[in-house]
Structure formats: C-alpha cells, structure tokens
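Asker: no sequence on this one, just coordinates:
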DNA sequence: TCTATTTGATAATTCATAGTTATTAATTAA
DNA sequence: TTAATTAATAACTATGAATTATCAAATAGA
C-alpha cells in the first residue's frame, strides 16, 4: 500500500462517476470489472476519502466524489489542451522568433519575411530589433536572438550564414551637385571628393567594399566622416559635407535633398545575409529559414 | 508502445526540467538514472515532441519543454490542492482559501475579510501568507494561492483585479523632527531630506507613486534606503536615517518613536486591490469575493 | 417462498512493464 | 594521455495491473 495516484485512477474514477455502474464503466474502459473495482478502492484509500456509496444494486457519488468529478474533468481537459499546444510548439506553428537586422534590411527582406510568416503561421510572434553586425553576432551566440540580417562575408564557427539579397551600390550626392546621372561614366570622376561612410565597426564588409570600389577606380577615397545611421549620412551629404556610397535599397523611405546614382556597372554588390546558430533548436526558426528559400 | 501517459511521467519530467541533470533528478526521485531516462524518452514518444536537448554533458529544455514545465507545475499544484480540499469535504468542512497579502493589507482589509468569513462560513479554513506583489502574481497563476491583496494598477491576462481599499499616504518622521503637523504646508518643504522607500521590486506602483508625489512637489527625492518591511522602514526613520512616505493604514499597530503626518491634500492614493485567477475553480473563492463587495 | 438474474467484491493467477544492475560510448578536465 | 562524469543501452527482476473464476448480496418474477 505504498504506491502513488496515477492518471489511470482518475480516468477510471471519471468513467464510474459518469456511468454510476461498475460493469458498464469497465466495458467503456475495455477492462474487466474486478480490475476496475480494485483500482477505485485503491484511489479511495490513497485519498483517504470515500468517493462512492455502493449498497449492492446502486452506486452513487459522495459529496467529495461530486467535487472530485468536476476537478478531474477540468484537469483531464487541461492536459488534453496542453498536449495539443505542445505539438504545435514542437512543429514551430506556435511560438516566437527574435529577429535582428541592419537598417538597410528593413526596406525589403525583413518586411517580406514578416508577411510570409504572418500568412503561414499566424500563431507565431516576432520580436524585432535593429542592431549592428557585431551586436547581432553577439546576441545570436548568446541565444538572445534567433535570426540576424547582416552584411558580413564570414561568420564565427558554430554559426550559419546564407546570402538572401544582393543589391547594387548607389552614389549619394547633394541635390545640386554638378555631376548628373547621364554624364556619370566612372567612379574616378569623384577622386577629389570627401567621402562619408558607415563606420568600419558597424559593418567592416561594407567599409572595405566601398574602399575597393574606389581603388578599382584608381584612387584612395578621402574619408571625412563616419556614421552608423543612414539618416545621418544623408543629412551630412545634404549639407555638402561629403558624398557617400550606400546599398541602393537604402534610398527608399527617406525624404532628403540628395540625389542617387546607381552604380550599375560596378561588380561589387552589397550582400545581405541571414545568420543563425547551428544548434538553435527553436522550431520556429527552421520554418523561417524554409520560408526564405522557397 | 501502446501505453498511456501517467502522472509519474510528468513528475519525472518536472524533476529533470528543474535539475537539468538526469542523475541528480533520479536521486531526488529515489529511482535509478536509467529508469528515469527510459521514462522521459517514453514521455517524449507519447507526446511525439522532444522535450530535452541532451548533448552528453548538457541537458536543456526545448521550447516545447519550457511550455510543458509551466503547465505541469500548474497541474500538479492543482491536483495537490484538490486532494486537500477533498479531505476537508470528506470531513464535512466546506473547503479552504489560500490568501496572500502585502504587509499593509493586514491592518485593515484582510482581518475584516477573515472575520466575515468566520461568521458566514465557520467551516471554511484559511491559510495566510505575506508575499510581495510579484510573488503573489506567480503563486496565483500557478494555483498556489486563491486570492491576493496587492498594490498594482494592472495585471496579466487571465487574472481579475478589483480595488478594495483606498488610503491616503502619510509622512513618517522621527519624533523630534523640526517639522510639526500644523506647520506642514507642502511636500516641497522636504526636498532636502533623504527618503526611505519600499523597494521597487516589492511594489513598483507604490514606488512610482511616491516618486510622483515628490515630483508634484517640485523635487526628485533622494532615496537613501530601500526595504520590504514596514517595521524596518520605521526603525530607519526612528534612527534618523531618513524619512518615509507610506500608506496611512500602516501606522496602526507599531510602537515606534516616529510621528505621522497624513498627506490629506495630495491626490495620489494607495490603492489596495484584490486579485484572483479567472478560471480558479475553488468554490470558496466566490464566497470571499461576494463577502468583500456586500 | 423459491429461483433466476444482476450487482460489486474477493481470490488466485498471469503477464506487462517500471525499475534494477551492469555496461558502454561520448564528453570534459587534468 | 588518463581519469572522471555524463546519458543511453541491454539484460534482468519483481511489482502490481488486469485477468478469470467465483462469491455473497440484492432485486424481480413466478
């Protein structure tokens, strides 16, 4: 007499409480009547409370039995519901992804992903945070983030990286700059200008790419300012403190007195990549990755 | 592979989820480690969802596991409470309510409720526990508590909140403090004093209210100490380590060398609210709620 | 009153499986 | 490299759930 109450006891109890008849309840449970009788008696012993009054020809619930019936119904329901939810979570149809991104990813890739997610898995929550490349790396490695959108060519061990979007670069010039789009031939025309760039720290890949675009044009750019915000860079250009080269996607969504000249012929591209941790087991993440490659 | 999930599985799961270590969990359960391993694996098969990530030296919960842990905590607590209630009913008592409260509720609201309960339902048992706002929220959500008395303005989904008592605030000053009640005009007279407050963690609403009382008086209070016990706060004031602002009800029942000045003109009030879970099934709880609103 | 029938409980038995011990493979730390 | 520690696997043991067979008590019909 040293055992434990199990769900079996409650399930059997509920059957008897519903049928008020041991043989019928046993049939419904596909077990024999004596087995049921002993299990119910066991339950009563374990709870130290009689649940049924049986006077040989009539079975009825005690007040304690009535109370327990209600509770058992509730608990078994709750357990069922829990199991259903659990399966959804396991399949990634229910849950949360935490996404980090560079400002320039917000023009295009991230909003599309969010729309697709909403459509396919309406039960999935997303949390979004604009972060630098470096901050995203750190957050992903420390499990503060599931998915990042960065401009990097390589990534530390343990992380995956996959390019998702390639963009040309565009020149950013003050509106009244003498150089017009139809007269633009080569980057070398800008050898004497001051350049404003995203800081090397914010995105080393971007930084080096811009430098190499200029070097391919035969000069080393004079860098006058560095910034981490597109807004700031455009403002500086507007005020004629220099010119800039940025991923083309960035020009959407800003109202500034600047003009853009897309560098179509230049082979360097701004590559936006998706990064995540190899052993991240968030099932929602797997669905995000699938969504982005179908 | 045709068996059923039993409570045993959930109890074992919870132990592993808490320890994140199979051997230690097995010890706590007084069973062998291999037995535990097979039961957990069985549970995962039955639920068709992995609950743990085990890479031989580290055990951690999957998102599904995290969810299940919360649910299992709730269900096991609920079952425990049901068994307790059942025994009381079996003995002819009506049941039990478990009440949590902030210290300041003990001066007034809670004792009255207890007296009313005793008069109307002498068969009902009560268990009382002094807890912080946060601890009460947690306990109510996990069915460790039926009713809480807190100072909060809002409450998570699934819980009900109802204000039960509004109190003015009072200044607490050392007995020989130069400021006398009849010469008190405005809180701004105290701009230079050090303040002792209940810690923000204990009751964020209280904390912010006191800060805003001072800011309405035109200054930002210097906070020198924080505490979670009225006793301690009064002792600190007595020893001239600062002054305090507390709900007026608190002054009853302490013998200290401090004086109180009620802030009658100040619009902020200390609101004590009652909270409970929407789907709490304790029948006695409904009676408590009725008692407090008649 | 005497059967016949139906109820839940008891007794003896069987058998499924929870839990055991012994061992292994993988990982980390020294 | 070795030593120590982890969780998983394999073979087994023994607990106790469930079975069959039976009983005693209650009801209903003749």
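Answerer: Received it, and whenever you're ready, just let me know what you need. Everything quoted here is computed from the prediction, not taken from an experiment.

Asker: shouldn't residue A:77 be within a helix?
Answerer: Yes. With DSSP: H, G, I helix; E, B strand; the rest coil as the criterion, residue A:77 is part of a helix.

Asker: so what strands line up beside the strand or helix carrying residue A:170?
Answerer: Secondary structure from DSSP states H and E places residue A:170 in strand A:169-174. Next to strand A:169-174 in the sheet, as set by DSSP bridges, lie strand A:243-247 (antiparallel), strand A:258-262 (antiparallel).

Asker: pick the most buried one from the ones you listed.
Answerer: Most buried of the strands paired with strand A:169-174 by mean neighbour count (mean count of other CB atoms under 10 Å in any protein chain shown) is strand A:243-247; its value is a mean of 26. Every residue, glycine included, has its C-beta placed from N, CA and C.

Asker: contact partners of it?
Answerer: Strand A:243-247 is contacted by residues A:104, A:151, A:167-174, A:177, A:190, A:193-198, A:206, A:210, A:213, A:230, A:233-234, A:236-237, A:263, A:270, A:272 when judged by CB atoms under 8 Å, 6 or more residues apart in numbering or on different chains.

Asker: next, check those against the helices and list the overlap.
Answerer: In helices, judged by DSSP state H, the following of those are found: A:206, A:210, A:213, A:230, A:233, A:234, A:236, A:237.

Asker: what count of nearby residues applies to the closest residue to residue A:123 other than its chain neighbours?
Answerer: Spatial nearest neighbour of residue A:123, excluding adjacent residues (CB to CB, 6 or more residues apart in numbering or on different chains): residue A:94 at 4.4 Å. Neighbour count for residue A:94, taken as other CB atoms under 10 Å in any protein chain shown: 22.

Asker: return the residues of chain A in contact with DNA strand C.
Answerer: Residues of chain A lying close to DNA strand C (CB under 7 Å from any atom of the strand) are A:21-23, A:33-34, A:37-38, A:40-41, A:54, A:56-57, A:59.

Asker: weed out the non-buried ones from those residues.
Answerer: Neighbour counting with 16 or more other CB atoms under 10 Å in any protein chain shown marks A:22, A:37, A:40, A:59 as buried within these.

Asker: out of these, flag the one nearest to residue A:130.
Answerer: residue A:40 (61.7 Å; CB to CB).

Asker: so what touches the helix or strand that closest one falls within?
Answerer: Under the criterion of DSSP H and E, residue A:40 resides in helix A:33-47. Contacts of helix A:33-47 with the rest of the structure, by CB under 8 Å, 6+ apart, involve A:1, A:3-5, A:8-10, A:12-13, A:15-16, A:22-23, A:25-26, A:29, A:50-52, A:68, B:83, B:86-87.

Asker: go with 7 Å
Answerer: Here helix A:33-47 makes contact (CB atoms under 7 Å, 6 or more residues apart in numbering or on different chains) with A:1, A:5, A:8-9, A:12-13, A:16, A:22-23, A:25-26, A:29, A:50-51, B:83, B:86.

Asker: among those, which two are most distant?
Answerer: For those, the maximum inter-member distance is 28.1 Å, found between A:23 and B:83 (CB to CB).

Asker: now stretch A:86-99: buried residues?
Answerer: Of the residues in stretch A:86-99, A:86, A:88, A:89, A:90, A:91, A:92, A:93, A:94, A:95, A:97, A:98, A:99 count as buried by neighbour count, 16+ other CB under 10 Å.

Asker: any idea how far it is from the middle of the chain?
Answerer: Centroid separation between stretch A:86-99 and its chain, computed with CA atoms, centre = their mean, to the nearest Å, is 9 Å.

Asker: stretch A:45-64 now?
Answerer: Taking CA atoms, centre = their mean, one finds the center of stretch A:45-64 at 53 Å from the center of the full chain.

Asker: one more: stretch A:237-254?
Answerer: The answer for stretch A:237-254 is 30 Å, by CA atoms, centre = their mean.

Asker: all good on my end, thank you.
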